[in-house]
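Trainee: curious how this folds, go ahead:
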Amino acid sequence: MKLICAEYNSDDRMSPQVIGDNALLRNNNDFYYPDFTHELSCVPQVVLRACKLGKGVSERFASRYYDQIGVGVRFYADSLRKELFINGLGTGLASAFDDSAALSNLQPYRGEDLTYSLRLNETTVFENRISALPVGIHAFISRASYYFMIKVGDLFFCGNPFCYSKLKVGDRIRAYLAERCLLDFFIR
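Mentor: Presented below is the predicted three-dimensional model:
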């Protein structure tokens, strides 16, 4: 299984990135602030589970390649990213470290336009509809399948350009799908 993640730049342009399943944080386990960074941010995600093998999937057939949905939160070690960039190195490590991708339980999905949101402590910091993703789910799956073979069980982390920064130890993170809390954990 691999995680195929939507990565956005400052111009809202997206490219798919693959990270290993070592990045998964499951079962609402707490996230431990890594000691290799002093700045941490996160991005709320809609997550889809691949149910079919595919390569070069046309956008119009992409709905056949997923069957479950959940929410996720991707963590970014911002100070590490800056350090890697300054030294002319790739910055993928800053978002692909152990436990950097929290994942909720998945549920059946048939293409409804659901809302998803992120709450930090008791404040909603992000809320949107799936249809408002800058790169739609089907376009993302099609683009990703151009570069990577989709396998059953792969997870599509359909992110967005929104990024909440300045996370700290003690913060409580909750992610919702259609007003149902699917993720609830703390930063330790």
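Trainee: quick one: A144 is in a strand?
Mentor: No. Counting by DSSP: H, G, I helix; E, B strand; the rest coil, A144 falls outside a strand, being helix.
Trainee: chain neighbours aside, what residue packs nearest to it?
Mentor: Nearest non-adjacent residue to A144, counting by Cβ to Cβ, 6 or more residues apart in numbering: P16, 4.0 Å away. Bear in mind the C-beta positions are built from the backbone N, C-alpha and C, glycine included.
Trainee: ok, what's across the strand from that neighbour?
Mentor: P16 has these beta-bridge partners by DSSP bridges: A6.
Trainee: check contacts around it.
Mentor: Neighbour list for P16: 4-7, 140, 143-144, 147-148 [criterion: Cβ atoms under 8 Å, 6 or more residues apart in numbering].
Trainee: at 7 Å instead, please
Mentor: 4-6, 143-144, 147-148 (Cβ atoms under 7 Å, 6 or more residues apart in numbering).
Trainee: can you say which of those residues are buried?
Mentor: Buried members of those, scored by 16 or more other Cβ atoms under 10 Å, are 4-6, 143-144, 148.
Trainee: E39: which of those residues is nearest?
Mentor: C5 (19.8 Å; Cβ to Cβ).
Trainee: and the closest one, how far from E112?
Mentor: C5 is 23 Å from E112, where distance means Cβ to Cβ, to the nearest Å.
Trainee: what about the helices in this structure?
Mentor: Secondary structure of the chain (DSSP state H): helices at 78-86, 137-147.
Trainee: of those helices, which is nearest C51?
Mentor: helix 137-147 (11.5 Å).
Trainee: got the buried residues for the closest one?
Mentor: 137-138, 140-145.
Trainee: over to stretch 110-118?
Mentor: 114, 116-118.
Trainee: could you dump these to CSV with distance to F162 and pLDDT?
Mentor: Converted to CSV, these look like this (distance: Cβ to Cβ, whole Å; pLDDT from 0 to 100):
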residue, distance to F162, pLDDT
L114, 17, 97
Y116, 11, 98
S117, 11, 98
L118, 8, 98
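Trainee: of those residues, closest to N160?
Mentor: Y116 (9.5 Å).
Trainee: centroid-wise, who is the farthest residue in this protein?
Mentor: Distance to the chain centre peaks in the chain at N87, reaching 26.2 Å (criterion: Cα atoms, centre = their mean).
Trainee: contacts only, for C163.
Mentor: Taking Cβ under 7 Å, 6+ apart, we find C163 in contact with 41, 43.
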